[in-house]
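Undergrad: sequence and predicted structure are below.
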Amino acid sequence: MCGLMPNPVGVGQEVLVWLGITDYVQNQSCGWEGLTVTVTKPDGSTKILDNNGKGFRTAATGSTGTVYVPATVGNYTFQTHFPQQWFSHILWSKPLATGGFSGGFLGDHSAESGDAYEGKFANTVIINGILSISFSE
């Protein structure tokens, strides 16, 4: 996903480019990595926004931002690129918490109760498909 603010903007003025995904990660020390944005300028040429070649890394909530300054008058197109990410996944055999993902003709939606910055399983490890949780008092 990609959002721009303000829109419209004048030549030489800063635009906040918001990019990310609706999925968050399990704890605040993690983030989605390698995101880039292709900017197509009014003359058809392109510029890649890529955090100096490293790609952007999101916060745990799934988003980040950068600044772009248009140099000429005209319409600009912004396209976000999100490379494939790998992470562990577990299917629960009984309800554990309220929330989840749904989709269909009404669109994709997610619901979650809890803190968006600290996941429910910050002190966990998954080994051979088995979730191990470390509880502390």
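TA: Good, I have the coordinates. As the structure is a prediction and not an experimental result, all values here were calculated from the model. Numbering: from 1, shown residues only.

Undergrad: can you get me a residue count around the residue lying closest to residue 25 once chain neighbours are set aside?
TA: Leaving aside its sequence neighbours, residue 25 sits nearest to residue 60 (Cβ to Cβ, 6 or more residues apart in numbering; 5.1 Å). Every residue, glycine included, has its C-beta placed from N, CA and C. For residue 60, the count of nearby residues is 19 (other Cβ atoms under 10 Å).

Undergrad: now do residue 63
TA: 19.

Undergrad: for the chain, what helix or strand is lowest in average pLDDT?
TA: The helix or strand of the chain with the poorest confidence is strand 99-102; it has a mean of 59 (mean pLDDT, DSSP states H and E).

Undergrad: do you know how far the residue nearest to residue 25 is from residue 31?
TA: Per Cβ to Cβ, to the nearest Å, residue 60 is found 6 Å from residue 31.

Undergrad: swap in residue 6?
TA: In this view, residue 6 and residue 31 are 26 Å apart by Cβ to Cβ.

Undergrad: so what's residue 4 bridging to?
TA: residue 17 (DSSP bridges).

Undergrad: tell me which residues touch it, please.
TA: 15-18, 78 (Cβ atoms under 8 Å, 6 or more residues apart in numbering).

Undergrad: how about 7 Å then?
TA: Listed by Cβ atoms under 7 Å, 6 or more residues apart in numbering, the contact set of residue 4 reads 15, 17, 78.

Undergrad: before we move on, what about residue 38?
TA: Residue 38 makes contacts with 46, 48, 79, 81, as judged by Cβ under 7 Å, 6+ apart.

Undergrad: ok, and the most crowded of the residues you listed?
TA: Those, ranked by neighbours (other Cβ under 10 Å): first place residue 81, 15 neighbours.

Undergrad: verify the contact between that one and residue 36 for me.
TA: Yes - the pair residue 81 / residue 36 is scored as a contact, 4.6 Å apart, by Cβ atoms under 7 Å.
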